[in-house]
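Undergrad: have a look at this prediction, sequence included:
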Amino acid sequence: MKDAAPTTIYLKDYKPFGYVVEDVHLTFRLSPGATRVLSRIRFAPNPEASDRDFFLNGEDLTLIEAKIDGAVVAPAISAEGLRLEAPDRPFTFEAEVEIAPDSNTALEGLYMSNGMYCTQCEAEGFRKITYYPDRPDVMATFTVRIEGDLPVLLSNGNPGDSGAGFAEWHDPWPKPAYLFALVAGDLRAHPGRFTTRSGRDVELNLWVRPGDEGKCAFGMEALKKSMRWDEEVYGREYDLDVFNIVAVDDFNMGAMENKGLNIFNSTAVLASPETSTDANFERIEAIIAHEYFHNWTGNRITCRDWFQLCLKEGLTVFRDSQFTADMRSAPVKRIGDVIDLRARQFPEDQGPLAHPVRPESFQEINNFYTATVYEKGAEVIAMLKRLVGDDAYSKALDLYFDRHDGQACTIEDWLKVFEDATGRDLTQFKRWYAQAGTPRLSVEEAFEAGTYTLTFTQRTPPTPGQPDKAPQVLPIAVGLLNPNGDEVVPTTLLEMTEETQSFTFEGLSEKPVPSILRGFSAPVVLERASTPAERAFLLAHDTDPFNRWDAGRQLARESLIAQVTEGAAPDAAYIEGLAAIVSEEALDPAFRALMLSGPTEAEIAQVLHERGVTPDPDAIHAAVEALGQAKAKRLAPLLADLKAATTVDAPYAPDAEQSGKRALWSAALALETRLDGGTAARAAFAEADNMTIELSALTALVRAGDDADALARFAETWAQDRLVMDKWFAMQIAATAPENALPRAKALTERADFDLTNPNRFRAVIGAFAMNHAGFHRADGAGYAFLADWLIALDAKNPQTTARMCAPFQSWPRYDADRQAKMKAQLQRIADTPGLSRDTTEMVSRLLAG
Ligand code: B3K
Ligand code: ZN
């Protein structure tokens, strides 16, 4: 386990390593409790560096022997690594170390999952495998020999010699150690082939545990689509003879882009219609694309240091969003991304964990794989593309790949290619990387003699360590509509650079209705005191699908706020608007399903807090229920037709068209269940022949409080399928009534199949509990204590997942003094735990300091 010494690393202190690595040879003699790793590394003095301190990172390693140019040496060893007097000329360093993969529960470095060896090295896991300059700017070619009594032995690059009990691999592309990977186990291949546009024949394999072979076909097709798309859209071709993907059950995140050997959490790759929902399929397609796209944006061009993480992650998220938009529906993808951004990134940016897209310091880099670095990082690129235009974006990307292939780069390098390709000065734009916090954008309008003026003011609230903010460049997409619903000014991009700035539109015959921030053209909170009538008008007429959806979302939000703060009834005008839209056949069913989904309870709590009202979780829950009930009553006469029109008769396909229909069908079923007590849902559950319908019927029954039989039957059917059971655990906690959430979560942790060391299962129970807003925020504080108990238990085994799961506590400043005190007391209790990991120590101290 790491020690908790809080050393802070700063971006400003960056120095290149004193040596370059010419090449690396590794031999692994696998054994669960005592794996030997032999390394032979050729170093040479780095002409770009002055400091020749030869320090190699290494943690939890037993050094057997170290040599320089064949002579045994005695390095100084600490908990962080090894130091030697090294020659000021090229030399070869050799080491033999011993590690114990079977006791590695942190799932970082070389570890075991169900008898299979696998690795996770990003960000700093390679140092748990052997001594090495474990930093992304040290790039080298790797040759690997694996010795072990297992049928499948994999590493990066192209295969070399192999025989009974051994296999060799060579990766010709220089890479940082974080992209190293090794897998060994009894695995089955689902094979495929891909011919690149220049004619390279690539052997593809999806490796799974015996029994999972039937869940591979979709992932393989997604991989081929991703490979083709990157050629067509970005001109990027694959560069090895093989591409392997391995599914593993115990994994701290979704997946990892190791060169030529992607390792996936099985939940992010295995799929079948019987066991996976439409949402699972879409997510899998996106993650496969994301990891594949990293081959260029991340692997061929990597990060100079971990502060530059958004260089690869923001860009790769942006690319995978483009891919999904192309494969499916662009507006639906955009709305989904914004829902996600507002639900995960905005609370981060507006709470104690706020940090810039490019942070300036950290204690544990794993704590910065955040929604801000990833999703806001992608929004920043989307803005850049909007500002420079599509052609200039392509030109800049071509230049980026030409200029920086094989390098470890910075955000400065990235922005420079845009400056060079477009002639633009991006000095002010760069603030998006440096300033934390979500800008708030307010608008005033004026109309006089045919001229319509929009005056915007931007203000970014203070965030930890950043009291004052400068104005940012905001691309604001605006369209204007006539009161009769016609669009008089089509989407126009306004470029705001000042704190307050006006834009005029001439020659209008009457005062228009503005549609502002179309497509969510900048990641800001739009503060605009528009009337309910105007929102209802945009809900009916806006030509921009995002803003049309957002108008409905705002109506729902205002209804809920008025219900909570004034005891108002659910807004009838909003519900009428929905009734008008929901059966509009010309609209994509997926879009209509999104229209029907309202804001979450957490979102309402956040908005109330922003308006100076202390949120009461129970009152919010009651308001959401009342609004749901009112929707169900008003839409009741439409539901039968709606379900009939969205029933899929064709064989199951996880494509956009069928998924959209099932989403709308499920939304209709959820409303129907509010009225019939579960009759229709029970029938749907009994007849379902795919997991999407089966799970939505079960969720409706859980919400109706009549779930015992269905939950038992489901568990009996799927007891042997761990991924399906994860859904069973999560759904029944997240969807149940708040008063049941804690007892249910507690009971589930007592089951024999609850295993805290499996991150998927831990998230399915403990993570889902924190998603039950009113259940987690129970007035007695027992929800907070439950989360803290489990975080403390997990920290001793898996610091990375523990630290991530501290995030539900970031909302503490929103609530009343009593809840605040109770949350802070639990954070303090975690902080006081003897031997707490560096990961969790950093998280709780940032949370408490906020
Ligand atoms: N690059 C990995 C994430 C690694 C997380 C390390 N804590 C997956 C991805 O973003 O594609
Ligand atoms: Zn990534």
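TA: Okay, I see it. Ligands and ions are numbered 1, 2, ... in the order given.

Undergrad: could you use CA atoms for every contact and neighbour count after this?
TA: Noted.

Undergrad: in stretch 366-386, which residues are buried?
TA: The neighbour-count check on stretch 366-386 (16 or more other C-alpha atoms under 10 Å) flags 366-368, 370-386 as buried.

Undergrad: tell me the buried residues in stretch 804-824?
TA: 804-815, 819-820, 822-824.

Undergrad: what is the closest residue to ligand 1 within the stretch 401-550 of the chain paired to in the beta sheet?
TA: Closest residue of the stretch 401-550 of the chain to ligand 1, C-alpha to the nearest ligand atom: residue 408 (15.1 Å). Note on residue 408: beta-bridge partners by DSSP bridges are residue 302.

Undergrad: one step back: restrict the buried residues of stretch 366-386 to those near ligand 1?
TA: residue 366 (C-alpha under 6 Å from any ligand atom).

Undergrad: among the buried residues of stretch 366-386, which lie within helices?
TA: Judged by DSSP state H, those include 371, 377-386 as members of helices.

Undergrad: mind listing the helices for the stretch 701-850 of the chain?
TA: Taking DSSP state H, counting those that start in this stretch as the test, the helices found in the stretch 701-850 of the chain are 708-718, 722-734, 738-749, 759-762, 768-771, 773-776, 782-795, 799-804, 817-831, 838-849.

Undergrad: export these to a markdown table and tack on distance to ligand 1 and mean pLDDT?
TA: Converted to a markdown table, the helices of the stretch 701-850 of the chain look like this (distance: least, C-alpha to the nearest ligand atom, whole Å; pLDDT from 0 to 100):
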| stretch | distance to ligand 1 | mean pLDDT |
| --- | --- | --- |
| helix 708-718 | 29 | 97 |
| helix 722-734 | 20 | 98 |
| helix 738-749 | 26 | 98 |
| helix 759-762 | 13 | 98 |
| helix 768-771 | 21 | 98 |
| helix 773-776 | 26 | 98 |
| helix 782-795 | 15 | 99 |
| helix 799-804 | 7 | 98 |
| helix 817-831 | 21 | 98 |
| helix 838-849 | 11 | 97 |
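
Undergrad: sheet partners, orientation included, of the host helix or strand of residue 63?
TA: Element membership for residue 63, per DSSP states H and E: strand 62-68. Strand 62-68 pairs in its sheet with strand 71-73 (antiparallel), strand 91-99 (antiparallel), by DSSP bridges.

Undergrad: redo these as a markdown table? Include distance to residue 573 and mean pLDDT.
TA: What follows is the strands paired with strand 62-68, written out as a markdown table (distance: least, C-alpha to C-alpha, whole Å; pLDDT from 0 to 100):
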| stretch | distance to residue 573 | mean pLDDT |
| --- | --- | --- |
| strand 71-73 | 80 | 98 |
| strand 91-99 | 65 | 99 |
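
Undergrad: ok so, going back, quick check, nearest of the ones in helices among the buried residues of stretch 366-386 to ligand 1?
TA: Taking C-alpha to the nearest ligand atom as the measure, ligand 1 lies nearest residue 371 of these, at 10.9 Å.

Undergrad: nearest residue to that closest one other than its sequence neighbours?
TA: Leaving aside its sequence neighbours, residue 371 sits nearest to residue 345 (C-alpha to C-alpha, 6 or more residues apart in numbering; 5.0 Å).

Undergrad: before we move on, what SS does that neighbour have?
TA: With DSSP: H, G, I helix; E, B strand; the rest coil as the basis, residue 345 sits in helix.

Undergrad: ok, it - contacts?
TA: 371-372, 375-376 (C-alpha atoms under 8 Å, 6 or more residues apart in numbering).

Undergrad: so what pLDDT did the closest residue to ligand 1 within the stretch 201-350 of the chain get?
TA: Closest residue of the stretch 201-350 of the chain to ligand 1, C-alpha to the nearest ligand atom: residue 256 (4.3 Å). We have a pLDDT of 99 for residue 256.

Undergrad: residues near it, how many?
TA: If you count neighbours by other C-alpha atoms under 10 Å, residue 256 ends up with 26.

Undergrad: for it, give me phi and psi.
TA: phi -140, psi 130 (degrees, to the nearest 10).

Undergrad: same question, residue 14
TA: phi -60, psi 130.

Undergrad: not counting residues beside it along the chain, what's closest to residue 639?
TA: Leaving aside its chain neighbours, residue 639 sits nearest to residue 668 (5.9 Å; criterion: C-alpha to C-alpha, 6+ apart).

Undergrad: tally of neighbours for the one you found?
TA: Residue 668 has 24 neighbouring residues, counting by other C-alpha under 10 Å.

Undergrad: domains for the protein, by residue range?
TA: The record's domain parsing of the chain by automatic domain parsing lists 9-270, 302-434, 440-528, 529-639, 719-850.

Undergrad: which intervals of this structure have sub-threshold pLDDT?
TA: For the chain, the stretches with pLDDT under 70 are 1-5.

Undergrad: kindly recompute the last result at 90.
TA: Within the chain, the segments meeting pLDDT under 90 span 1-6, 529-530, 583, 706, 850.
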